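> just coords:
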């Protein structure tokens, strides 16, 4: 029991001291980061990095747009060869005359 009490007292003292020191350190870091963010060299670098990120994003989007049709066709081909999915690609039903499982079928006696 004595060990627990000593540990808790030490923890409490460390927490109080750390909280005060932590606030001072936070204010110090905040001041330095404000100075760095206001530096013209840093602002220029930030603009350059932002522009490059925009270019890379556009390039990635263009490449994805080019490859998506091929990926879609590959997925359709693979799905149509799987047992249980054969004949049901794109929501179509098998040739047994039954509707696709996601088709809306109103209850009998109601207007559609």
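That came through fine. Values in this document were obtained by computation on a predicted structure and should not be read as measured data. Numbers count the residues shown, from 1 in each chain.

> show me where this structure has its helices.
With helices called from DSSP state H, the chain shows them at 2-38, 40-80.

> those helices: which one's closest to residue 107?
The closest of the helices of the chain to residue 107 is helix 40-80. By Cβ to Cβ, the value is 31.2 Å. To be clear about C-beta, it is placed using only N, CA and C from the backbone, and glycine gets the same treatment.

> distance from the closest one to the middle of the chain?
15 Å (Cα atoms, centre = their mean, to the nearest Å).

> give me the mean pLDDT for that helix.
Mean per-residue pLDDT for helix 40-80: 89.

> re the thing from before, can I get the helices of the chain in CSV including distance to residue 106?
Output for the helices of the chain, formatted as CSV (distance: least, Cβ to Cβ, whole Å):
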stretch, distance to residue 106
helix 2-38, 62
helix 40-80, 29
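
> make CSV from those helices and add mean neighbour count to it.
Listed next are the helices of the chain as CSV, based on neighbours: other Cβ atoms under 10 Å:
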stretch, mean neighbour count
helix 2-38, 10
helix 40-80, 10
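
> so which of those is nearest residue 110?
helix 40-80 (33.8 Å).

> and the angle from that closest one to helix 2-38?
110 degrees (axes from the mean of the first three to the mean of the last three Cα atoms, to 10 degrees).

> elements contacting helix 40-80?
With contacts defined as 3 or more Cβ pairs under 8 Å, 6 or more residues apart in numbering; DSSP states H and E, helix 40-80 has no helix or strand neighbours.

> begin at 60, not 1, for the rest of this chat.
Will do, 60 is the new start, and the previous item becomes helix 99-139.
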